[in-house]
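Trainee: just a sequence and a predicted model for now, questions to come.
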Amino acid sequence: YKRQALALVNLGKTLRNLERLDEAEKAYRRSLALFVEVEDRRREAVVRHNLGELAYLRDEPDAARAQLEPALELRRDVGDRRGEASTLSVLADIARYQERWEDALRALTQGLALARAIRDPYLQARIQYQRALMAFDRDDLETALAEVEAAVELVESVRARISGDTLRGTYLGTVRDYYELLVEVLFRLHARRSDAGFDRRAFAASERARARALLDLLGEAPVRLQAELEPELREREESTRQAILAAQQELVEAPESASAQDVARLEAAMRAAVNERELFEAEARTRHPSYADLVYPKPMGVDSTRALLDGETALLEYALGERGGVLFVVTAGGLETYEVPSRPELEPLVGEVRQLLERPGRRNTTRLLRSARMLFDAVLAPAADKLEKYKRLLVVADGPLHLVPFEALVESNEDAAGDFARALFVVRRWEVATLPSASVLALLERRRATGWSVDLVAFGDPDLPSGDGSPAEVRGVFTELPRRDLGRL
């Protein structure tokens with residue numbers, strides 16, 4: 001029975017991930033009946049929790065509570081403290097959704113205490129993020145800032161300890177909401193106290209979010225650099241990574257009965273491993289700066305970004321959240337911020353522009369010009385007066401804005417009468433370049449200063465096993481190049 005029930009639980013999880021919620025519920029209910037029959041209360045609690053989450057996804061909060069509240073009691077009875085904290089987290093979300101503020105705060109307070117007691121940074125970060133959302137909903141921005149900053153610091157500490165950048169990038173991708181909320185809170189605080197530097201902190205947070213995920217991914221991809229690490233440094237790098245992983249695992253897996261002295265010893269071992277890694281990073285920056293730029297990137301701030309820009313260039317960085325969006329305009333002269341629509345508001349408009357660009361034709365010209373003008377009004381018009389005197393725009397897009405070329409936006413189509421030749425496209429007024437982040441601009445500038453250049457870039461389609469455009473063909477092209485000049489992602 002247990003084997004069959006476990007298989008049904010796994011099936012339910014898979015179906016849920018595929019958004020086949022009705023089938024997932026059937027699988028969970030079949031497994032629940034089996035666990036109840038064999039009196040496996042721990043796994044019964046797990047399935048009830050999963051059923052509660054399913055109901056909440058369907059916007060059925062009362063049905064969700066009908067499963068989650070028994071699951072909470074079961075988890076308390078069997079001593080599953082991690083599961084108890086997880087269920088409290090979901091119950092708090094439901095209470096916030098129903099505006100039962102006291103119930104939500106009580107559940108989060110209990111859950112946070114449990115997460116700290118079992119030393120689970122993932123749960124701690126999640127619950128502090130929920131507390132930040134509650135404070136934000138109630139317009140308590142100072143509390144929201146303290147809570148979301150604590151969540152982000154936990155996220156960063158976990159990221160630093162995860163082995164392999166793909167995992168780190170994936171983890172940061174799942175908690176991008178934390179960074180979005182941090183930027184939004186800081187932007188709102190800037191609107192209230194414009195002289196307190198909240199706008200600069202918001203820009204730094206935006207860079208921190210995108211630079212960690214992107215540059216970390218580039219950093220540990222199999223890139224062949226001109227100056228590779230010596231074997232001794234390679235070995236030291238791996239040993240520090242393994243030491244951090246081992247220390248983290250021991251700390252997380254320490255029994256709840258562990259003495260304060262034992263916990264202090266494990267925490268000291270973690271700090272020592274992290275300190276050793278920081279010493280290695282400093283040495284790598286000195287001996288192999290190109291390698292360190294990629295593998296250990298440092299996100300940018302306003303002043304360091306300004307220093308990269310000449311008097312004719314403006315950097316536009318977008319941060320789009322679920323509730324609102326921010327446009328940061330950085331120039332050699334300073335920073336300005338503007339409110340732009342949220343991600344959900346922009347998605348349909350971007351989709352329309354993209355669809356029309358992919359289907360050119362005279363019948364679509366008027367619609368394209370109109371939609372491209374609407375998108376310009378949404379994302380560029382707020383800063384248009386500021387940008388008038390600049391020749392060049394460096395665009396750091398976010399969310400759906402990655403899917404549309406800014407050059408194709410239309411500043412004015414009043415006199416175009418459906419004629420492309422008469423429409424004032426962005427590209428007719430500004431030079432436009434796109435960047436993943438300001439940190440990448442800094443990396444490119446450092447490379448340019450050392451005389452580094454690229455003569456050929458080739459891309460292979462991973463969906464093609466062979467033939468024109470396949471990775472195999474690209475590798476064949478590069479075999480003809482001198483090895484010392486070859487870099488490959």
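Mentor: Looks like it came in fine.
Trainee: rest of the way, CA atoms for contacts and neighbours
Mentor: Fine.
Trainee: so how far is stretch 177-197 off the chain centroid?
Mentor: How far stretch 177-197 lies from its chain's middle: 18 Å, per C-alpha atoms, centre = their mean, to the nearest Å.
Trainee: and that stretch, which residues are buried?
Mentor: 178-190 (16 or more other C-alpha atoms under 10 Å).
Trainee: cool, and stretch 137-149?
Mentor: Buried, per 16+ other C-alpha under 10 Å, within stretch 137-149: 141, 143-149.
Trainee: now do stretch 404-415
Mentor: Buried-residue list, stretch 404-415, by 16+ other C-alpha under 10 Å: 404-406, 408-413.
Trainee: quick one: which of those residues sit in strands?
Mentor: 410-412 (DSSP state E).
Trainee: and of the residues you listed, the nearest to Glu237?
Mentor: Checking those against Glu237 with C-alpha to C-alpha, the nearest one is Val410 at 50.0 Å.
Trainee: in three-state terms, label Leu309 for me.
Mentor: Secondary structure assignment for Leu309 (DSSP: H, G, I helix; E, B strand; the rest coil): coil.
Trainee: from what I see, it and Gly333 are in contact.
Mentor: No - taking contacts as C-alpha atoms under 8 Å, Leu309 lies outside contact range of Gly333: 9.2 Å.
Trainee: tell me which of the two has more neighbours.
Mentor: The residue with more neighbours, out of Leu309 and Gly333, is Leu309; 17 against 13, by other C-alpha atoms under 10 Å.
Trainee: so what's Glu281 up against?
Mentor: Glu281 is in contact with 292, 296, counting by C-alpha atoms under 8 Å, 6 or more residues apart in numbering.
Trainee: buried sites along the helix or strand hosting it?
Mentor: Applying DSSP states H and E as the criterion places Glu281 in helix 260-287. By neighbour count on 16+ other C-alpha under 10 Å, the buried set for helix 260-287 is 263, 266-267, 269-270, 272-274, 276-277, 280-281, 284.
Trainee: let's have the residues you listed in CSV, adding distance to Ala421.
Mentor: Formatted as CSV, the buried residues of helix 260-287 follow (distance: C-alpha to C-alpha, whole Å):
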residue, distance to Ala421
Val263, 71
Leu266, 69
Glu267, 66
Ala269, 67
Met270, 63
Ala272, 65
Ala273, 62
Val274, 59
Glu276, 61
Arg277, 58
Phe280, 57
Glu281, 53
Ala284, 53
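Trainee: for Val175, give me the pLDDT.
Mentor: Confidence at Val175, expressed as pLDDT, is 72.
Trainee: now for it, how many residues are close by?
Mentor: Neighbour number of Val175 under other C-alpha under 10 Å is 18.
Trainee: residue contacts, it?
Mentor: Val155.
Trainee: now Phe425
Mentor: Contacts of Phe425 by C-alpha under 8 Å, 6+ apart are 407-412.
Trainee: list the helices and strands the host helix or strand of Ala132 packs on?
Mentor: Per DSSP H and E, Ala132 falls inside helix 121-137. If you count contacts as 3 or more C-alpha pairs under 8 Å, 6 or more residues apart in numbering; DSSP states H and E, helix 121-137 packs onto helix 81-97, helix 101-117, helix 141-161, helix 176-192.
Trainee: sorry, back to before: can I get the buried residues of stretch 137-149 in CSV including distance to Ser304 and pLDDT?
Mentor: Putting the buried residues of stretch 137-149 into CSV (distance: C-alpha to C-alpha, whole Å; pLDDT from 0 to 100) gives the following:
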residue, distance to Ser304, pLDDT
Leu141, 28, 96
Thr143, 29, 96
Ala144, 28, 97
Leu145, 24, 97
Ala146, 26, 96
Glu147, 27, 96
Val148, 25, 96
Glu149, 22, 95
